[in-house]
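**Student:** Fold the following, please.
(2 chains)
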Amino acid sequence: MITRVLSILFFLTATIGVSAQSFIPEYPIVLRTDRSSYISGDNALFSLFLYDGLVTDSEPGSDIYVDLTDIRNHWITGTVAKVENGRASGMLEIPDNLVTAYYKLRAYTNYPNKDNYLCVSEIFVTNRFGNTSEAILRSHLLKVENETSSQIISIEKNEFRAKEKIDIAFDCPDSVSAMARIVGKKQWANELEPNFGKIEPFKQNEGFTALTPYDGILVAGTVTDSVSGAPIDNAIVLISLQDSIVRMMYDVTDSEGSFCVLLHNYYGEQEVFVSAFNRQMEPLRNTRITLRKQFKYTIATQSDLETVMPEIDSMELNKALIAKAFELQQFAPLGIENRPAALFDHFVVGEPRQSVLTDDFVELNDFREITREITPFIRLRKGNNGQPELRLVSDRGVVMVNPLLLVDGVPLTDLNQLIDKGSAVIKQVDTQNKPRYFGNISFGSGIVAVWTHKLDFWENCRVPGTYRFVVQGFQPPITESVPEPSKDRLPDLRQIIYWNPLVNTTEQKNVSTTLSDEAGEFVIEFFGIGRDGKIFKDFKQINVR
Amino acid sequence: MKHALKYILTVVCMALTIAAGAQGKASKKTAIQHITGEPFVYYYATVEGLPFYMGGWLMGSVTMKSGETYDDLQLRYDCYKDDLIYQNSLTNSVIIIDKNSIEQFTITHLLDGRVETFKPIVNKNLKEQNGHYFAIILEDSLSVIKKYEAKEEEYSNVNMSQKKTGVFVHKESRYTWDGNELNAVPRFRRMLLRQYPEHKEELRKFFFHNHIRMKNDNDVRLLYQEINRLVRK
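**Tutor:** Predicted coordinates for the structure are as follows:
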């Protein structure tokens, strides 16, 4: 009896031990696109399925990266999609200047301190003006086996007229992550089976992980010596935006010189300014700041490719041409609702001791005159090295040397860039003539914040040690907009008839849409993954006359 | 059999430890934070007593308007200047946190572990432009809040040997707050009953059954919970 109990317990122990380790299925990320071939300049719509637990919505950096490379892995363009409940969707603009070829569409996670996974799909892009008679390269990918795993789709009939309304019912268990589409049969039949893989984790500053999880743009990089290339430890990295209020964050570099911050709730494209300081908040001049690439630039390869003859569908070309000519947009971006206060907006300057508007005074030719005439707490003197030096006078008359100077919200480390700017450029000067604390760093000599009329100081200003980078945030979600019947008889030649990248199988059992003007064979497809990894897929062919 | 049971229990405990350890590896602690403020300057050398709530440093947490929450901070609430003071042990500095950046802060009482929540409340009747910190007794459509104050009472005869010119006298007062109006909580039952003539009988019974004392925080909380319920009815 005891032996039996013990053996059961040993079995249970082993089971607990195994379940505690993270399990990653064979296909951790599944990328589905609306079509298999595009015209350069089109939008590739995608739907992403992420294995339950691979991506946690609340974890920082839980966006998913989707990018396009050529067949030899040269990076072309990319976008970031927001993950919600293990699903993501969006679109990638295919550049107008791509030559006719096969391209790789990749989707991957980009987690700090974790294994990352990717899914690579291949799409065919045709350039309207390119030479299409030459053979082109493609990976040894198999065509997708379009088989039905279960009876999910029900439609009343299989024969339709153009522009006819079509009602589709889905008979699928609840809580299945799914997508549905109606697409041309040729497009559907030419899809290639994607590849899956694992990406090695990248190391980053530990400081980042304990931040309150929010969506945003991950800015990570390293500070190194510009001459020796050695990493700079314990440097304070200020990350700021050019704006009408101070938006600033900081991180302290580790022994490998790396830093990492999250621009909370920022999305789309943002330009950030990054500069490094020592503990006394003196600018580190001979440094090189490099930002970790958001997208993974892979090494170009030559191997494992096959030669195929292009199959170009003239109908697809015509549809793209009409969409372009009449500026037809089948998809509209959804606004991001209830954007909470961004964590990036900090009260770094506090309540200024004095705020001076230059317009209230006579015109002053340069910053020296401004400090002399209208800002009593600020003094501009020549420093020991012959360079101009900014000084602040506290309420008690204590002179503080080299306060933090912010111009349009960005730290300026070279005063010479500001000296020739008069009241025609400078709108406002705020003075904080007390030491200020910002987390674990302090601005002991106070802060001077200068604002220009046009908030464009940094457009033409280049200061050594201040780096500017453009970083990519997640894109706003999109929604399908089926064109209204137009009075001026524009042909309705949608490039995809129906596209729903995020089907809610708990609530959405029926959908209805209208067919376009195009006649031919179409396929209604349903693809879903259950929580246990079970695939639910079904398709129905329809004819449109 | 006894030995076998011990063995079984050991095995189960080991298994649970392994499972817990595998899950706990992900979280890491950090010191990076974004509290902003200015240095605290010692100002009360000539006054007897301390201007701080509960005297010394207390552990607590601060939630910023931006959403970040920082726990396990050493905090002091200055009732005289209505400032929240924080000790940053990493930089060895004492900082007055910007009031306009704070959503709320909590203080944990040393004796009973009670957690008291404070929020800055802005009202036209208050002299402070950025609002005044109030302890939250009840948060509802009609909230009950408590103001801690320290006032300096000047000595008529200055004790020259100690060079003290006065003494800090601490005072607390309760208010109701509906998001706009700040009104003092009546000190007597009859004054309160006069404010709610339509619920006079229900409140009279409530006072009788619950032995409500208007000077006790818990009693006032119960009373205003009932008032909120009656008003909503």
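
**Student:** Only C-alpha atoms from now on, for both contacts and neighbour counts.
**Tutor:** Noted.

**Student:** what's the spacing between A:Asn127 and chain B?
**Tutor:** Using Cα to the nearest Cα, to the nearest Å, A:Asn127 is found at 47 Å from chain B.

**Student:** Next: A:Ile374.
**Tutor:** In terms of Cα to the nearest Cα, A:Ile374 sits 25 Å off from chain B.

**Student:** Got the confidence number for the residue nearest to that residue when sequence neighbours are not counted?
**Tutor:** Closest residue to A:Ile374 apart from its sequence neighbours, by Cα to Cα, 6 or more residues apart in numbering or on different chains: A:Val356 at 7.3 Å. What the model reports for A:Val356 is a pLDDT of 93.

**Student:** Could you report the neighbour count for the closest residue to A:Phe331 other than its chain neighbours?
**Tutor:** The shortest distance from A:Phe331 to any non-neighbouring residue, by Cα to Cα, 6+ apart, is to A:Glu480 (4.7 Å). Per other Cα atoms under 10 Å in any protein chain shown, the neighbour tally for A:Glu480 reads 16.

**Student:** was I right about A:Glu480 contacting A:Arg494?
**Tutor:** No - using Cα atoms under 8 Å as the test, A:Glu480 is too far from A:Arg494 to be in contact (11.1 Å).

**Student:** Give me the common contacts of the two.
**Tutor:** A:Gln330 (Cα atoms under 8 Å, 6 or more residues apart in numbering or on different chains).

**Student:** and the longest strand for chain B?
**Tutor:** Criterion DSSP state E: the longest strand present in chain B is strand B:143-159.

**Student:** low-scoring pLDDT stretches of chain B, where are they?
**Tutor:** B:1-32, B:158-161 (pLDDT under 70).

**Student:** State the helix or strand in which the residue nearest to A:Thr505 when sequence neighbours are not counted lies.
**Tutor:** In space, A:Thr505 comes closest to A:Asp174 once its chain neighbours are excluded; the distance is 5.3 Å by Cα to Cα, 6+ apart. Element membership for A:Asp174 (DSSP states H and E) is empty, with no helix or strand holding it.

**Student:** what's the spacing between A:Asp174 and chain B?
**Tutor:** 29 Å.

**Student:** Surely that residue is in contact with A:Thr506?
**Tutor:** Yes - in this structure, A:Asp174 is within contact of A:Thr506 by Cα under 8 Å, at 4.4 Å.

**Student:** how much space between the nearest residue to A:Val399 once chain neighbours are set aside and A:Leu92?
**Tutor:** Once flanking residues are discounted, A:Val399 sits nearest to A:Val393: 4.5 Å by Cα to Cα, 6+ apart. From A:Val393 over to A:Leu92 the distance is 54 Å, taken as Cα to Cα, to the nearest Å.

**Student:** Which helix or strand contains A:Glu525?
**Tutor:** Per DSSP H and E: A:Glu525 is located in strand A:520-529.

**Student:** tell me the domain boundaries of chain B?
**Tutor:** Domain ranges of chain B: B:34-184, B:186-233, per automatic domain parsing.

**Student:** returning to that earlier point: what pairs with the strand holding A:Glu525, parallel or antiparallel?
**Tutor:** The strands beside strand A:520-529 in its sheet (DSSP bridges) come out as strand A:177-184 (antiparallel), strand A:535-544 (antiparallel).

**Student:** Tell me which of those strands is the most buried.
**Tutor:** strand A:177-184 (a mean of 23; mean count of other Cα atoms under 10 Å in any protein chain shown).

**Student:** Using PDB, list the CA coordinates for the helix or strand following that strand.
**Tutor:** The element immediately downstream of strand A:177-184 (helix or strand, assigned by DSSP H and E) is helix A:185-189. Taking C-alpha atoms only, helix A:185-189 is exported to PDB below (Å, rounded to 0.1, in the frame of the first residue of the first chain):
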ATOM      1  CA  LYS A 185      -9.300  31.500 -54.600                       C
ATOM      2  CA  LYS A 186      -6.000  32.000 -56.400                       C
ATOM      3  CA  GLN A 187      -4.500  34.100 -53.500                       C
ATOM      4  CA  TRP A 188      -5.700  31.500 -51.100                       C
ATOM      5  CA  ALA A 189      -4.200  28.500 -53.000                       C
END
